[in-house]
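# structure, please.
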Amino acid sequence: MAWLLDPRTRRGLPLTDDLVLSLLEDGNCSDLELDDADVEEFVPPLAENEVTASDKELGIPELIPSQLGVKRSATSLQDNAVAGPSTKRRKQVQPVIDAVKQGCNKILRTPGRFSVDEQMIPFTGKCYLRQLVKNKPRPVGLKNFVVTTSEGLMIDFEIYYGNNPVLSHPLGLGPAVVFRLIQSVPPGSCIFFDRYFTTIPLLDELKRLGYHGTGTIMVNRIPDRQQISFKEDQKMRRGDIDQRVSNGIVLVKWKDNKAVFTASNCTGGTAINNIKQYDKSAKCYIDVDAPKIVTSYNTFMGGVDVLDQSMEYYRTYMKTRKWTLKVILHFMDLAVVNAWRLYRCDSLAKGIPKNRIQDLLAFRFEIAETFMNTPDRDRLQSTPLVEIQVKQI
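Just a heads-up that it's a prediction; the model follows:
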């Protein structure tokens, strides 16, 4: 029999012919005058395989999820209807990410020079987080924003997965990444980043927060660039410098093989250094004048590249279609490289000779031997409740 739920009394009404005619005439079941004899308590129908209290009294056991047609892999403590499938997949690798972040938070931080850049987690399979970043050794994979010291020691990171509230800022994604990562950097430090992140409002905000910032910048991100007149590229020779200063922000145009624009709130272009650059026509290295802002950027910006290079030496390789497994292996390698970098820094600080300091390969072998010599642990036994249910069934 069909039922109708009365919104006033919250009770079920049998859907009779007289009730249908009254609804068609009035259109509101809450105003109908019904006798108590015509109203019955609404009892929703039982779902498939559902057990009632009376069934329990008869000795019918409750069924476990595997017998209800639900896969064991589909069970989760998270409300998937609210979180969505994408959040559920990220939760599978979140414990590993949190463990690496907790290890990074224990690193001693002092004001110094840090670099912010992108890092790729290589994966070419099907994944909604997959990105393409050109000019990278591994251009396809998951994008990970990293802040490291100038020597390559990772301090903090943030994985990019689209609509991330942590990486939302009125100035855009690039400045949002910098503001998120400098939360792990002490004030008074100098932050280096490339043109993907650099904007003039970002440098102003960093100056207000007590940070120094330097980076290359795109020409279209320079405000009022029509009023700022730089020398034309054709009129500049190799090593020429053109500088503009406004409100504590320095813009420098330097001509190498091509024109390079840099911006900073702490370093200018008046100090000149000589660097060695290759000349194609002479087929040899020649001395070229370069401003201090360029030499500082080239010296301290490569921290993330040093980290990537160390990971590529002995990266754990496994052919799989699961991106979650690739993320776990990537962060395991990342943790090993970061631990080796800390070990190397501590050894040098203690005055240990370099020939007695383990290289990365020996360090990884020692970790593997430690895990192999760890005593075996007994597997977890099934709980008594599950055993009882299985016996009843």
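# all helices of this structure, in order?
17-26, 53-57, 80-91, 94-105, 173-181, 200-209, 292-300, 303-313, 323-349, 360-372, 384-392 (DSSP state H).
# wait, isn't residue 237 in contact with residue 255?
Yes: with contact defined as C-beta atoms under 8 Å, residue 237 reaches residue 255; the gap is 6.6 Å. All C-beta spots, glycine's among them, are computed from the backbone N, C-alpha and C.
# more neighbours: those two, which one.
residue 255 (19 against 7; other C-beta atoms under 10 Å).
# give me the pLDDT for the more buried one.
For residue 255, the model assigns a pLDDT of 91.
# quick check: it touching residue 234?
No: using C-beta under 8 Å, residue 255 makes no contact with residue 234, being 10.2 Å away.
# tell me the most buried of the helices of the chain?
Scoring the helices of the chain by mean neighbour count under mean count of other C-beta atoms under 10 Å gives helix 173-181 as the most buried, with a mean of 21.
# now for that one, which elements pack on it?
strand 113-122, strand 140-149, strand 154-159, strand 190-193, helix 200-209 (3 or more C-beta pairs under 8 Å, 6 or more residues apart in numbering; DSSP states H and E).
# any chance of those in a markdown table, plus mean pLDDT?
Compiled in a markdown table, the helices and strands packed on helix 173-181 are given as follows (pLDDT from 0 to 100):
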| stretch | mean pLDDT |
| --- | --- |
| strand 113-122 | 94 |
| strand 140-149 | 94 |
| strand 154-159 | 94 |
| strand 190-193 | 95 |
| helix 200-209 | 93 |
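# with respect to residue 320, which of these lies nearest?
Among those, the nearest to residue 320 by C-beta to C-beta is strand 113-122 (11.8 Å).
# can you state the direction angle for the closest one and helix 173-181?
Interaxial angle, strand 113-122 versus helix 173-181 (axes from the mean of the first three to the mean of the last three C-alpha atoms, to 10 degrees): 110 degrees.
# which strands and helices lie in contact with strand 113-122?
Applying 3+ C-beta pairs under 8 Å, 6+ apart, one finds that strand 113-122 contacts strand 140-149, strand 154-159, helix 173-181, strand 190-193, helix 303-313, helix 323-349.
# now the angle between strand 140-149 and it, please.
160 degrees.
# paired strands for strand 113-122, with orientation please.
strand 140-149 (antiparallel), strand 190-193 (parallel) (DSSP bridges).
# just the CA atoms of the longest one, as PDB, please.
Spelled out, it's strand 140-149. What follows is strand 140-149, C-alpha atoms only, in PDB (Å, rounded to 0.1, in the frame of the first residue of the first chain):
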ATOM      1  CA  VAL A 140      54.100  14.900 -15.900                       C
ATOM      2  CA  GLY A 141      52.900  14.100 -12.400                       C
ATOM      3  CA  LEU A 142      51.500  15.600  -9.200                       C
ATOM      4  CA  LYS A 143      52.600  19.100  -8.300                       C
ATOM      5  CA  ASN A 144      54.200  19.700  -4.900                       C
ATOM      6  CA  PHE A 145      55.200  23.200  -3.700                       C
ATOM      7  CA  VAL A 146      58.300  23.000  -1.600                       C
ATOM      8  CA  VAL A 147      60.400  25.400   0.500                       C
ATOM      9  CA  THR A 148      64.000  24.400   1.100                       C
ATOM     10  CA  THR A 149      67.200  25.900   2.400                       C
END
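# next one: that strand to chain centre, how far?
The chain centroid and the centroid of strand 140-149 are separated by 8 Å under C-alpha atoms, centre = their mean, to the nearest Å.
# next one: stretch 133-145
Distance, centroid of stretch 133-145 to centroid of chain: 13 Å (C-alpha atoms, centre = their mean).
# for that stretch, list every residue counted as buried.
Neighbour-count burial for stretch 133-145 flags 136, 141, 142, 143, 144, 145 (criterion: 16 or more other C-beta atoms under 10 Å).
# setting the sequence-adjacent residues aside, check what's closest to the first one.
So the one you mean is residue 136. Sequence neighbours aside, residue 120 is the residue nearest to residue 136 in space, at 5.4 Å (criterion: C-beta to C-beta, 6 or more residues apart in numbering).
# show me what contacts the one you found?
The contact partners of residue 120, taken as C-beta atoms under 8 Å, 6 or more residues apart in numbering, are 131, 133, 136, 138, 139, 140, 141, 142, 143, 144.
# equivalent analysis for residue 342, please.
By C-beta under 8 Å, 6+ apart, residue 342 lies in contact with 107, 153.
# repeat for residue 143
Each residue near residue 143 by C-beta under 8 Å, 6+ apart is listed here: 118, 119, 120, 121, 129, 131, 133, 159, 160.
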